[in-house]
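A.B. asks: 3D, please:
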Amino acid sequence: MTTSSHTDFSTTTIPWQGFDHVAIITHDLDATVHFYSEVLGMQIGEIYEARDGKNRHCFIKPGPIAGQGLHFWEVPGAPLPPPFETLSWQQPASITSGLIQHIAFMLPDEAAALTLRQRLQQHNVQVSEITDLGTMRDMTFLDNNGTMLEAIWLKK
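C.D. replies: Predicted coordinates for the structure are as follows:
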């Protein structure tokens, strides 16, 4: 008599370890690199030139993360998402299925947030008021592609 071993994979835990990267389309990689490096002060990786049927692309790290961060692919003429009516989430005109609603970046404290706020204002980037979220605070703004970004930090 033979017995068969059956594993129920629907109950097996998958050991995810977070994100490695999120791929995002930009119509202008140079403008995106400028915004994320010069305005936000993030680390820009190597810019890979177009070849073998692939467009230019690069990785941008928002701090000391294990993964590669944001992976921007340049597609000239790519349509931009609908413009946000305000810097608040879930505005009807800006909701599109499958579109990234926003990306939230963690800051260490309010001092870093205030420094970022001044930097955004110096670069004429519209930024929301600081919002109290209970144990956290945040503010939102748009990148050069119209993607809503959030800076969030723990209250002390």
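
A.B. asks: report the buried residues of stretch 105-117.
C.D. replies: Judged by neighbour count (16 or more other C-beta atoms under 10 Å), stretch 105-117 contains these buried residues: 105, 107, 113, 116-117. Every residue, glycine included, has its C-beta placed from N, CA and C.

A.B. asks: closest to Val127 among these?
C.D. replies: Arg117 (5.9 Å; C-beta to C-beta).

A.B. asks: for the nearest residue to that closest one once chain neighbours are set aside, give me its contacts.
C.D. replies: Nearest residue to Arg117, sequence neighbours excluded (C-beta to C-beta, 6 or more residues apart in numbering): Val127, at 5.9 Å. Contact analysis of Val127 by C-beta atoms under 8 Å, 6 or more residues apart in numbering lists 87, 117, 120-121, 139-141.

A.B. asks: where does Val127 land on pLDDT?
C.D. replies: pLDDT recorded at Val127 is 95.

A.B. asks: same thing with Asn144?
C.D. replies: Asn144 is given a pLDDT of 92.

A.B. asks: how close does the residue nearest the centre of the chain get to Arg51?
C.D. replies: By C-alpha atoms, centre = their mean, the mean C-alpha position of the chain lies nearest to Ile103, the distance being 3.8 Å. To Arg51, Ile103 is 28 Å away according to C-beta to C-beta, to the nearest Å.
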